[in-house]
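Trainee: quick one, structure for this:
(chains A, B, C and D)
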Number of protein chains: 4
Amino acid sequence: MKDILQRLAEGPIVGDGSMCMTLEKRGYCSAGLWSPEAVLLYPEAVKQLLREYMRAGADVLQTPCFYSCEGRLRRGNTTFTSNEINDAACKMTHEIANEGQDVLVCGGLSPVETYAPGKDLSAARREFEAQLEVFIKHDVDFLLAEFFNYIEELELCIDVMKKANKPIAVSMRIGPNPDHSDVSLEECTVRMAKAGADIIGLNCMYDIDTMLNALKRMKTALDIAGLSVYLMCQPLGWRCPDVDNEKEGYISLVEAPLAMEPRALTRGEVHKFARSAYELGVRYIGGCCGMEPHHIRAISHELAEERKKDPPVNDMCPPFTTLIGSSMRNHQKKGSKEFWLNVKPGSGRPHSSAYSEIESTE
Amino acid sequence: MKDILQRLAEGPIVGDGSMCMTLEKRGYCSAGLWSPEAVLLYPEAVKQLLREYMRAGADVLQTPCFYSCEGRLRRGNTTFTSNEINDAACKMTHEIANEGQDVLVCGGLSPVETYAPGKDLSAARREFEAQLEVFIKHDVDFLLAEFFNYIEELELCIDVMKKANKPIAVSMRIGPNPDHSDVSLEECTVRMAKAGADIIGLNCMYDIDTMLNALKRMKTALDIAGLSVYLMCQPLGWRCPDVDNEKEGYISLVEAPLAMEPRALTRGEVHKFARSAYELGVRYIGGCCGMEPHHIRAISHELAEERKKDPPVNDMCPPFTTLIGSSMRNHQKKGSKEFWLNVKPGSGRPHSSAYSEIESTE
Amino acid sequence: MKDILQRLAEGPIVGDGSMCMTLEKRGYCSAGLWSPEAVLLYPEAVKQLLREYMRAGADVLQTPCFYSCEGRLRRGNTTFTSNEINDAACKMTHEIANEGQDVLVCGGLSPVETYAPGKDLSAARREFEAQLEVFIKHDVDFLLAEFFNYIEELELCIDVMKKANKPIAVSMRIGPNPDHSDVSLEECTVRMAKAGADIIGLNCMYDIDTMLNALKRMKTALDIAGLSVYLMCQPLGWRCPDVDNEKEGYISLVEAPLAMEPRALTRGEVHKFARSAYELGVRYIGGCCGMEPHHIRAISHELAEERKKDPPVNDMCPPFTTLIGSSMRNHQKKGSKEFWLNVKPGSGRPHSSAYSEIESTE
Amino acid sequence: MKDILQRLAEGPIVGDGSMCMTLEKRGYCSAGLWSPEAVLLYPEAVKQLLREYMRAGADVLQTPCFYSCEGRLRRGNTTFTSNEINDAACKMTHEIANEGQDVLVCGGLSPVETYAPGKDLSAARREFEAQLEVFIKHDVDFLLAEFFNYIEELELCIDVMKKANKPIAVSMRIGPNPDHSDVSLEECTVRMAKAGADIIGLNCMYDIDTMLNALKRMKTALDIAGLSVYLMCQPLGWRCPDVDNEKEGYISLVEAPLAMEPRALTRGEVHKFARSAYELGVRYIGGCCGMEPHHIRAISHELAEERKKDPPVNDMCPPFTTLIGSSMRNHQKKGSKEFWLNVKPGSGRPHSSAYSEIESTE
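Mentor: Model (predicted):
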């Protein structure tokens, strides 16, 4: 089986989508805590979601263990350890990947609460080593450290990950305003690449447009520095133009996290995003919070030609064409991608505005 | 185990939610065709969705066989018969109901394409009888005929259903403008009750506000006629005030059916709806297209006191309170229902409007 | 010179537009008080506005003396009497009408604060008689009693006006919800006609769409009663669909009266309104608060063919065609009415909604 | 009488507002041509508008001769020369200024069509000299060259203006994206100051927020260059955030120029703008297209304390307080500036969006 870097050399890779926030809507995760105990408590539900992403065309399944770090877990009521959760997450991801063909398993490392800017790094290093150990034991196909706010913490994590001798992907959530670390987006970019990551990018906190603009800046920074790595992008599944210049991203919206529904991306919007990301040179394209199976399927459909393949299970959901068989005349006419790229959806809410109030999260 | 009528006499019943449209997003149903072959092809996925509704507090699980009528099925590529599908649907619904406690199985009858206004009714009668046979065989707890546009067809169906000696619920999708049958909403209401239904109501096509207004009219019509039946209401999970006066409902929106995302209800909106429906006297409250597990959970939470119970699996998703444990200050303050009842969510789309263009569906 | 009734028999009449609210923006009227002392204090400004309406095509100039009743005037700081104001208003209206050709002067009577539902009518009758006396002295061409909330008060006023032997127009501001008088819109309509008015209609409080719907109901009521009078319509110059069912109309909007700008009608919207009103059978079409000279010009342009004339001074403002001479390519293409009928204007306010909060005015 | 520079040293100066676009709505200017023949054809109407600005608190009245350059005038049907128009404009501006106290007359120079980038400048120089001659003859108080797209043309104009020995103000319309001249906003700023202008700034094309952001950049550029001049700002009277990054500004909006109504500023928005501009260090604050008398009054009211004076005629329109005398309870509560600073006005248009389509103007 070709590894992630060989595949990226051949064409675009589709990532998977939202885990915690989608499981919460389905009843398997606690809003606010967002920790993945469900891998132990309700494994069937988590496996079903992984399966949906795989069927939709994800080339990679990430181990569903975000926020599985000790500090986080202690905040909820769980008595599980990070180690137990990660172990279960690895097993189930391999199980679902084996249901498909050529699906890679990605071991996901989370930032740790033992890290604090300017403090001693030894406790954080030990925590990353503990995370890594599980992924080595389960022989995942590559590693991804994501959701990082601090480049120093991420460099430390990269240094730890190198011991696994696996391809390394890293993804920060700093967006266009890298104020968590007071380091410019451009400097973060260069430092991620220099630290030894093979694939670098952004995830979470910002929407498709904001992220594409930030990725343009990253690409320019890499070009100027003469560095060559793959770019990845896993944005939110919501439209949030109003937080473009907010340091915290969507979590500072007054309606976050439980009334984000009206901002959910349509498939047409995801098709356009996937095309734009590809044209910009991004080669690993997936989703973060709010990006659900039908969104991931839209990425796969949009890039089917470049990837020389359709989603593996496409019988029921080819891109829009089954609408031609509708019993309604007006729906029959909507059986093309072009229609859905251009339609402007209404909000159905004349008392709501396009932009919301912004709050400090601190 | 108490039957549906005994339970309605004691307090409000929570129905389940969207099947076809939610399965489509998950990759298990074809847009435009909306037929339920997945019960045979991918039963685990359908069972998982049924399970989510049950865990969220649904007292009733409907057999997932909407549009399982011969005419419909022939339109897609399926070779399954309605009988095969309904059989599988009954089995899996019993299986999931048995995972819970005191959950009723409702056999769902669909309108048939052999019916046409003013035509001979014998073929339609035979088709209803065939549908019913499966539900009798599997001994469902009660029957629900829903999605009906024509009162004449529904009266025929009620007449057939009576043979089963089970409680009968019926639900039209005519909304405030009953033009499919050229019969007023008020007359339809009275005829449904007089034909022998124990529970009558509306489902699909219109949103929560439109449906509540229509139910007020139905209640008045029943009061005037001196009839006493239970009222039920299973509205869309989207806000569609712009089709209040459209005969076809949401399917006439230019963005229907695949770009409805911005109209999705928030939980706060569902809480308010459940309260209003209950106060109006509606006793069977569930959802139709677009109403997902977290919405059904919101109905259960809102009516927990009246129902003297919480959703059966509530550990991870009590109503909003886990937000108090968030690491973000502003989210910690959002751990109450009051906050979510009042927040106005932004659309994130400054180029979109609240209302959309309306198209004829014919 | 033909009188108003002869003209209405031949084709549509264009009324004038907003006085107090437009003068307020120009600096000549007090917000909240809305009384017309400017006719005495700053006559040139008032005359200029009358002139603008006349140039824009108004066939009628109303004497600018709205709210010139004693009770109202005492509320502000003015020491002028209603009599003094009305006298000056008559003089200046004749003066401006004489600048044009065939322009009629309409003496406008206002509701009085001495009227209260169910009370003795003699004081109110005296006040109406005093208002009328001035209009008889100045020999206005016809009379218009407008802004009335109560049909009883209006019937009294009609009874008084009959003494002048001039055509009588009356206009209520009750809109679709005639709750001020607890009398239905249909009954008000019939009573206005039976009391002896030659022209009846609605003005103020509601927008063009709401008013057209109400006028349809009035027309039906007249048809049923077998009555034949001319219909008139002088709506707001703002879009206010959110107060369709509010008894008080636009004044209950949270942003009324001084932040109504985003609701201002475009000319394309006024063109459509004028056409719809004409097609409905309305024959006296003008404007109330917010309807400014360019709006009145749009009514004249729309109905130029039916009226067999253009606005009297049309050199600089023919309908849209001068845009063809713009130095900007994209504006050159906008030199047709069709373009402006169809363009959807943005609000420029992503933080604002379409609908606003409604307040009680009491 | 103190000259403009002495006054600026003492506190903020209020400019006047929109001429052509407001006169067009009143029926005295041709859309698309926007030339000021009305000063000769209908002088009373132009004088009335000048008077309204003066009464509202404008310290300066500009001669109403925008686009009075030969090339422009030939495009319409007018046979007047630029010289005739400017002569009349000067006379009427002096006349109205003399109605007030201490009001300055500003001679306004327009860009000329004989200028083209990179071409010989002698014809343009002659045209500026001809414009200047009229202002010298009528002894205006200071000069303002505005609406300039090219810094080279403006430098030429400044060079010509110096001959008059009067204070010189200059204003470009380039906004944040100075692409007309391919010279950065910062460089334009420095060159305007170095060429000899006493007051420099921006006018037209962009809205209040866009302009304030551009002025911040100008201020920084001046600080870096160690230059000290007064800053001026005359923005649009409409909200246009959607053209922030458009080179042409509001004229590229699909609804420009005749359906801009929904974007019109409220007074509360103008109060906030005036305060922000003052705090940023801008000392000459007025308006361009769409900024009407009530908007200019709002600037005067906001800065009354800094200016140690109210608008000269303030009897009828003190800031918001007369609402206290309203007969409506809810309006009585709105008699404070605070209310109007915070109210969010609805658009009344559920079928419209916040942002519009952008077109190329070329």
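Trainee: wait, residue A:260 touches residue A:243, no?
Mentor: No - if you go by C-beta atoms under 8 Å, residue A:260 and residue A:243 don't touch, sitting 11.8 Å apart. Every C-beta, even on glycine, is put in place using the N, C-alpha and C of the backbone.
Trainee: overlap of the contact sets of these two?
Mentor: Both residue A:260 and residue A:243 are in contact with A:250, A:253, where contact means C-beta atoms under 8 Å, 6 or more residues apart in numbering or on different chains.
Trainee: burial check on residue A:118, number of neighbours?
Mentor: Residue A:118: 5 surrounding residues under other C-beta atoms under 10 Å in any protein chain shown.
Trainee: against chain B, how distant is it?
Mentor: 20 Å (C-beta to the nearest C-beta, to the nearest Å).
Trainee: again with residue A:258
Mentor: 6 Å.
Trainee: pLDDT wise, what is that residue at?
Mentor: The model reports residue A:258 with a pLDDT of 98.
Trainee: how about it, secondary structure?
Mentor: Under DSSP: H, G, I helix; E, B strand; the rest coil, residue A:258 falls in the coil class.
Trainee: that one contacts residue B:339, correct?
Mentor: No - contact status for residue A:258 versus residue B:339: not in contact, 9.1 Å apart, counting by C-beta under 8 Å.
Trainee: okay, and the common contacts of these two?
Mentor: Taking C-beta under 8 Å, 6+ apart as the criterion, residue A:258 and residue B:339 both touch residue B:320.
Trainee: okay, those two: which has more neighbours?
Mentor: residue A:258 (23 against 17).
Trainee: who touches that one in this structure?
Mentor: A:31, B:266, B:267, B:320, B:323, B:334, B:340.
Trainee: what about 10 Å?
Mentor: A:21, A:24-25, A:31-32, B:266-268, B:294, B:320, B:323, B:331, B:334, B:339-340, B:343, B:345 (C-beta atoms under 10 Å, 6 or more residues apart in numbering or on different chains).
Trainee: same question for residue A:292.
Mentor: Contacts of residue A:292 by C-beta under 10 Å, 6+ apart are A:17-18, A:21-22, A:25, A:49, A:52-53, A:56, A:237, A:264-265, A:270, B:25-26, B:261.
Trainee: try 8 Å this time
Mentor: A:17, A:18, A:22, A:237, B:25.
Trainee: tell me which of those fall in helices.
Mentor: Under the assignment DSSP state H, the contacts of residue A:292 contribute A:22, B:25 to helices.
Trainee: chain C: which of the contacts of residue A:292 is nearest?
Mentor: Proximity of those to chain C (C-beta to the nearest C-beta) peaks at residue A:237, which lies at 20.5 Å.
Trainee: ok, and the closest non-adjacent residue to the closest one?
Mentor: residue A:290 (2.9 Å; C-beta to C-beta, 6 or more residues apart in numbering or on different chains).
Trainee: hang on, residue A:241 packs against residue A:210?
Mentor: Yes - with contact defined as C-beta under 8 Å, residue A:241 reaches residue A:210; the gap is 7.3 Å.
Trainee: of those two, who's got more company?
Mentor: residue A:210 (25 against 20).
Trainee: now that one, nearest residue through space, not along the chain?
Mentor: residue A:244 (5.1 Å).
Trainee: show me where the stretch 251-362 of chain A has its strands.
Mentor: For the stretch 251-362 of chain A, the strands defined by DSSP state E, counting those that start in this stretch cover A:284-285.
Trainee: on that earlier part again, dump the contacts of residue A:292 to TSV, plus pLDDT and distance to residue C:218.
Mentor: What follows is the contacts of residue A:292, written out as TSV (pLDDT from 0 to 100; distance: C-beta to C-beta, whole Å):
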residue	pLDDT	distance to residue C:218
A:17	98	57
A:18	98	55
A:22	98	55
A:237	98	51
B:25	98	49
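Trainee: are any of the contacts of residue A:258 buried, and which?
Mentor: Taking 16 or more other C-beta atoms under 10 Å in any protein chain shown as the criterion, what is buried in the contacts of residue A:258 is A:21, A:24-25, A:31-32, B:266-268, B:294, B:320, B:323, B:331, B:334, B:339-340, B:343, B:345.
Trainee: does residue A:38 touch residue A:27 like I think?
Mentor: No - between residue A:38 and residue A:27 there is no contact, the gap being 9.3 Å when judged by C-beta under 8 Å.
Trainee: need the residues touching each of those two.
Mentor: Common neighbours of residue A:38 and residue A:27 (C-beta under 8 Å, 6+ apart) are A:45, B:316.
Trainee: right, is the helix or strand of chain A with the lowest mean pLDDT up against chain B?
Mentor: For chain A, the helix or strand with the lowest mean confidence is helix A:70-75, at a mean of 76 (criterion: mean pLDDT, DSSP states H and E). Yes - against chain B, helix A:70-75 shows contacts by C-beta under 8 Å from any C-beta of the partner chain at residue A:75.
Trainee: good, wrapping up.
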